[in-house]
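**Student:** from the sequence below, what's the structure:
(chains A and B)
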Protein chains: 2
Amino acid sequence: MSLYPVVLCGGSGTRLWPASRPDRPKQFLPLTGQWSSFQETLLRLAVIEGAERTIVVTGPGMVADVLSQAAALEIPVTVLIEPQARDSGPAVAAAAAFVRALDGEGVILMLASDHYIGQPELFAEDALQAAEAASKGLIVTFGVQPTSPATGYGYIRPGEALEGGVFKVDAFVEKPDPATARGYLVDGYLWNSGNFAFRADVMLGEMEAFEPDLAAGAIASVEAATAEGPLVRLDAEGFVRATRKSLDYAVMERTKLAAVVPARFTWSDLGAWDAIWEASDRDGDGNAVSGDVILVDSLNTLVRTDGPTVGVIGLSDIAVIVEGGAVLVCRREDAQKVKHVAETLKARG
Amino acid sequence: MSLYPVVLCGGSGTRLWPASRPDRPKQFLPLTGQWSSFQETLLRLAVIEGAERTIVVTGPGMVADVLSQAAALEIPVTVLIEPQARDSGPAVAAAAAFVRALDGEGVILMLASDHYIGQPELFAEDALQAAEAASKGLIVTFGVQPTSPATGYGYIRPGEALEGGVFKVDAFVEKPDPATARGYLVDGYLWNSGNFAFRADVMLGEMEAFEPDLAAGAIASVEAATAEGPLVRLDAEGFVRATRKSLDYAVMERTKLAAVVPARFTWSDLGAWDAIWEASDRDGDGNAVSGDVILVDSLNTLVRTDGPTVGVIGLSDIAVIVEGGAVLVCRREDAQKVKHVAETLKARG
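**Tutor:** Residues are numbered from 1 along each chain as shown, chains lettered A, B, ... in the order given. Take a look at the predicted model:
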């Protein structure tokens, strides 16, 4: 078995305004420490087999960031460039077709570029376990032990135990309401983290069975791709024929090959500022601070500034984000509402 | 009786960081509307007798701001330039000596440049009443009806009623503790607003009686002053001989000529951000906003920005000040603690 790490590096996200903007996607921002989550993902992979074969799937506008941030870590990557964003299904199918052409039995370890993982050493163990199961023909997802009845994630109902610490998936379920989510916690459901291991040929087989147009378009885009150094430009004519659909809808919710590894690592999708605070190092007062910040009588805050001096007095459980010439002040628990501000700004132009 | 308005325009203040800085004194900032409090003071005087004789006492570093802000209103001023800051006693004595040289019985209406007054028309009536009493030899202060047991102001105990709506002053008392302040409210004490009316010769007589060195130094600095257009540079040799002392200590707490006009106008010393919020126009949600601000679920806030977009979500009764490349976030009731931040920055250099 040979492992091929694939990092999905699309998307932007409006809930981390003002740090993330359309032209500054969140995966390239240092949100929880020195490195961006894209770089943390590369570092996480670097200690696992096959890191030298790492493939990044991204859009044309992000190639420069991908190359420079990988170069800063001296990690070589092959970059598959999507001619346009068509959700995760075509991206995964193209990566699978690319790997299959290199290695008929290659196993893909497919990771999001904008997640946080707390213990890279536990992740490495779980990833090898998932890859082992994938090499036998399963499509393996990483299921995260919920720490709260979150309504922002899909859930997985684990089924019977298979060999090697892997479980069959009984069902993928959509984002629940709060009461349903509380029930899921009691019943041992797991969060669907959106990270996977699968054999390239197995994934393409399922794609061809469930979504033949998606598979055919993606495969054609790889066959007619043009390569230049580390860059592989997927052919636009093929790629636009691939059905615009997420991997979950296209395959995961339908396949009988789905399995889950219960993750031992801590995980966050870094979806909003409260999640950034959770994933950040904090001082004895619970404050996570970066930049030129003066705190007076304040607890459990997240305060970030990319330059201007920031003074915070007598306020707890808030986030103050001063980045890119804009300022956000919000209660941590209101972090999801940041998208309203970003949308207001977008509507204004 | 001829009225000579005198505006004291020194000081800076650390409690309005980040808007006020050592090089951006608060009296030149637009804090409650379009104009700075210095300009509001000039506008307030413009409808009262003698406005064309307005004198501004200031330091060398503030002359440019004084001239440009007065010019923006097309209000001519004479600027007395103090060679150095020596508290209010020498400034008042020099202004009195300057006016006495112009008009042996001139009455000075002496105003701070960094206060807010709510109703200029009531102020004008009160000022003329005070000036009338001053023309008869009293040193008249404006006493403000307290709206809270504030511990940040000195208080005045009014005594017997004199003619023309003026009362004798029984005592000036220092800034009280909270319990004492509550007693003062019950007993009808007034806040000492630090604005006055007096005859130039009467004030100089009291100065000479209580503080002969202060009076002699100030008078000498006027006699040897050099004039150039609207600028009158007080002579440094004389001025530095004037005792460094406040008007209150030098004269008001000792003179038997003290009288008080109970003010009918609303007043604030704009001492900290909570006072700015109080003095500002507010919308139906109690928010006083200036600049590019997006508020979500927030009440009774003061949000000011001189450029950067500011989003505030789910926070009430706070101040967010984004000015001069720095950011302050504080509870309105903690506004007095801003000086800690300003001092921390000063200590850092």
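**Student:** make it CA atoms for all contacts and neighbour counts henceforth
**Tutor:** Fine.
**Student:** low-scoring pLDDT stretches of chain A, where are they?
**Tutor:** For chain A, the stretches with pLDDT under 70 are A:13.
**Student:** got the contact list for the residue nearest the centre of it?
**Tutor:** In chain A, the centroid-proximal residue (CA atoms, centre = their mean) is A:Ala112; its distance is 2.4 Å. By CA atoms under 8 Å, 6 or more residues apart in numbering or on different chains, the contact list for A:Ala112 reads A:Val7, A:Leu8, A:Cys9, A:Thr41, A:Gly194, A:Asn195.
**Student:** does the fifth one belong to a helix or a strand, and which?
**Tutor:** The reference is to A:Gly194. Take DSSP states H and E as the rule and A:Gly194 turns out to sit in strand A:190-199.
**Student:** and that strand, what does it pack against?
**Tutor:** strand A:107-112, helix A:120-135, strand A:139-144, strand A:155-161 (3 or more CA pairs under 8 Å, 6 or more residues apart in numbering or on different chains; DSSP states H and E).
**Student:** what angle do strand A:107-112 and it make with each other?
**Tutor:** 140 degrees (axes from the mean of the first three to the mean of the last three CA atoms, to 10 degrees).
**Student:** so what strands line up beside strand A:190-199?
**Tutor:** Strand A:190-199 sits in its sheet next to strand A:107-112 (antiparallel), strand A:139-144 (antiparallel), strand A:155-161 (antiparallel), going by DSSP bridges.
**Student:** now tell me what touches stretch A:11-18 from outside.
**Tutor:** Contacts of stretch A:11-18 (CA under 8 Å, 6+ apart): A:20-22, A:24-27, A:271-273, A:321-324, A:326-328, A:335-339, A:342-343.
**Student:** filtering these by proximity to chain B, which remain?
**Tutor:** A:Ala326, A:Val327, A:Leu328, A:Lys337, A:Val338 (CA under 8 Å from any CA of the partner chain).
**Student:** quick check: the farthest pair among those?
**Tutor:** Farthest pair in those (CA to CA) is A:Ala326 and A:Lys337. Separation: 16.4 Å.
**Student:** I'd like to know how many residues surround the closest residue to A:Pro83 other than its chain neighbours.
**Tutor:** With sequence-adjacent residues excluded and distances taken as CA to CA, 6 or more residues apart in numbering or on different chains, A:Pro83 is closest to A:Ala236, at 5.4 Å. Using other CA atoms under 10 Å in any protein chain shown, A:Ala236 is surrounded by 19 other residues.
**Student:** does whichever residue of the stretch 151-300 of chain A sits closest to chain B sit in a helix, a strand or a coil?
**Tutor:** Nearest residue of the stretch 151-300 of chain A to chain B: A:Ile294, at 6.8 Å (CA to the nearest CA). The three-state label given to A:Ile294 by DSSP: H, G, I helix; E, B strand; the rest coil is strand.
**Student:** for it, list each beta-bridge partner.
**Tutor:** Applying DSSP bridges, one finds that A:Ile294 bridges with A:Gly311.
**Student:** residue contacts, it?
**Tutor:** Counting by CA under 8 Å, 6+ apart, the residues that A:Ile294 touches are A:Thr309, A:Val310, A:Gly311, A:Val312, B:Val341.
**Student:** thanks a lot, see you next time.
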